[in-house]
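1. After the sequence you'll find the predicted model.
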Amino acid sequence: MTSTVQLQRMSHGEQFRAFTLRGGTFAEPIDPFLAVDHAWISGPTFPPHPHAGFSAVSYLFDDSETAIDNEDSLGNRNLIQPGGLHWTAAGSGVVHEEVPAEVGRTVHMLQIFINLPQAKQGNAPFALSLAPEDVPVVRVPGAVVRVPLGSFADANSPLTPPTNVRMLDISLEAGTELSIPLSDRESAFVMPISGEIRVDGLVFDLEQATVPVIAPDRAQRHIALQAGPDGARVVVFSGVPLHQSVYWKGPFALASMDALAHAVASYQKGLFGKLQPR
C-alpha cells in the first residue's frame, strides 16, 4: 500500500536548513534507509563527528552553488562536486566532516543515512566516490533520470555499495508521466525536491512536507509519477528492507545494545581516529 510520512523542518543558525525524514526503531517505514536530510548549507555547521554501524551518503544536486569539502579519519579528503556522490561506510567507526568549499555559497544536497546489514556493521570503514560525469543518465521524452545508485532502464550505477539500494534523481517536464518499476520485496519512497508531483494519483510538493511510502507487500510493482503544470523534480529511494533493530545513541546506530555500547567505548578510546576542526 501507499502511505505518507511527514517531514520535519530543521535549522542550525543561518547556515543550515533542511527537510528531514527519519525512520523508527526498525527503520520503518523507510528501511533499509535510516534518515534523509534535504539540506541547504552555506557554512561549516557540524564539527568533526563520529559514525558507526551504518553508511553516511552525500549527494549534491547539480544546481548546488558550490562543492562539499569532505574529509575523514581514514585519510581521505576530496571535493564532492555538484552532481556527485560520496558514500562513507562507517562500519566499526569513522570520524568525518563536510563543509562547503566556498563559504557563503549554498550547497544543495541530500545527506542520506543507510543501514548496514548486521553482519557488516563491525567491518572496517571505507569510502566510495562517484564523480558527476560518471553518474549514468537516462533520457526519455519529458524526463531526465540520473542514476547515482542502483539501476533504471538500461543504466547501472558503477558503485557497488555494502547495502544494495537505489536512488534516482528525476526531472520531469510539465505533465510528463513516468513509471518506476519495483522488484519483489522492494520498498520505496519519493521525496519531492521542487514543483508539484503526483505519485500514484496523490499530489505532493516540497512545502507540503510529506513523503509517499510504498510498502514491499503492495501488489502494484511500480510507482506512477506525473509532473504538475510547472514540471517537477523528485528523488526516488528504494531497497529491500533489512528488518533488523536499530539502536541509536547520537551519531551511532547499531543492531544490538551490546554492539552500540562497544562502538561508543571504541570512540571514547580514540579508536576511530581524529580530525581537526576547520
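-> Perfect, I can see it now.
2. avg pLDDT for stretch 78-93?
-> Stretch 78-93 shows a mean pLDDT of 98.
3. Which residues belonging to it are considered buried?
-> 78, 80-93 (16 or more other C-beta atoms under 10 Å). In short, each C-beta sits where N, CA and C put it, glycine included.
4. again, but for stretch 211-225
-> Val211, Pro212, Val213, Ile214, Pro216, Arg218, Ile223, Leu225.
5. Quick one: mean pLDDT for that stretch?
-> So the average pLDDT for stretch 211-225 ends up being 89.
6. end to end, how far does it reach?
-> 13 Å (C-alpha to C-alpha, to the nearest Å).
7. same deal with stretch 251-262?
-> Terminal-residue distance, stretch 251-262 (C-alpha to C-alpha): 14 Å.
8. cool, stretch 8-17 as well?
-> Per C-alpha to C-alpha, stretch 8-17 runs 11 Å from first to last residue.
9. now stretch 55-64
-> 22 Å.
10. do the same with stretch 66-74
-> First residue to last in stretch 66-74 (C-alpha to C-alpha) measures 24 Å.
11. Tell me which residues of that stretch come out buried.
-> Thr66, Ala67, Ile68, Asp69, Asn70, Glu71, Asp72, Ser73, Leu74.
12. The residue nearest to Ile112 when sequence neighbours are not counted sits in which helix or strand?
-> Leaving aside its sequence neighbours, Ile112 sits nearest to Val57 (C-beta to C-beta, 6 or more residues apart in numbering; 4.2 Å). According to DSSP states H and E, Val57 maps onto strand 54-60.
13. quick one: average confidence on that strand?
-> 98.
14. List of residues touching that strand?
-> If you take C-beta atoms under 8 Å, 6 or more residues apart in numbering as the criterion, strand 54-60 is touched by 34, 67-68, 70, 80-90, 96, 98, 107-116, 121, 148, 161-163, 167, 169, 253.
15. again with stretch 247-261
-> By C-beta under 8 Å, 6+ apart, stretch 247-261 touches 34, 49-54, 113, 115, 118, 121-122, 244-246, 263-264, 267.
16. swap the cut-off to 7 Å and go again
-> Stretch 247-261 is contacted from outside by 34, 49-54, 118, 121, 244-246, 263-264, using C-beta atoms under 7 Å, 6 or more residues apart in numbering.
17. Of those residues, just the buried ones, PyMOL syntax please.
-> Here is the PyMOL selection string for the buried members of these, based on 16+ other C-beta under 10 Å:
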select buried, resi 34+50+51+52+53+54+121+244+246+263+264
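18. The contacts of stretch 247-261 in strands, which ones?
-> Leu34, His49, Pro50, His51, Phe54 (DSSP state E).
19. ok, back up a step: biggest separation within the buried residues of stretch 211-225, which pair?
-> Maximum pairwise distance in the buried residues of stretch 211-225, criterion C-beta to C-beta, is 18.9 Å, between Pro216 and Leu225.
20. low-confidence ranges in the chain?
-> Applying pLDDT under 70 to the chain picks out residues 1, 278.
21. residue closest to the middle of it?
-> Geometric centre of the chain, nearest residue: Ile112, 2.6 Å, by C-alpha atoms, centre = their mean.
22. The residue nearest to Pro132 when sequence neighbours are not counted in helix, strand or coil?
-> Distance criterion C-beta to C-beta, 6+ apart; nearest residue to Pro132, sequence neighbours excluded, is Gly83 at 3.1 Å. Assigned with DSSP: H, G, I helix; E, B strand; the rest coil, Gly83 falls in the coil class.
23. check contacts around Gly83.
-> Gly83 touches Leu60, Asp62, Pro132, Val135, counting by C-beta under 7 Å, 6+ apart.
24. With neighbour count and secondary structure as extra columns, can I get these in TSV?
-> Shown next, in TSV, are the contacts of Gly83 (neighbours: other C-beta atoms under 10 Å; DSSP: H, G, I helix; E, B strand; the rest coil):
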residue	neighbour count	secondary structure
Leu60	22	strand
Asp62	14	coil
Pro132	16	helix
Val135	21	coil
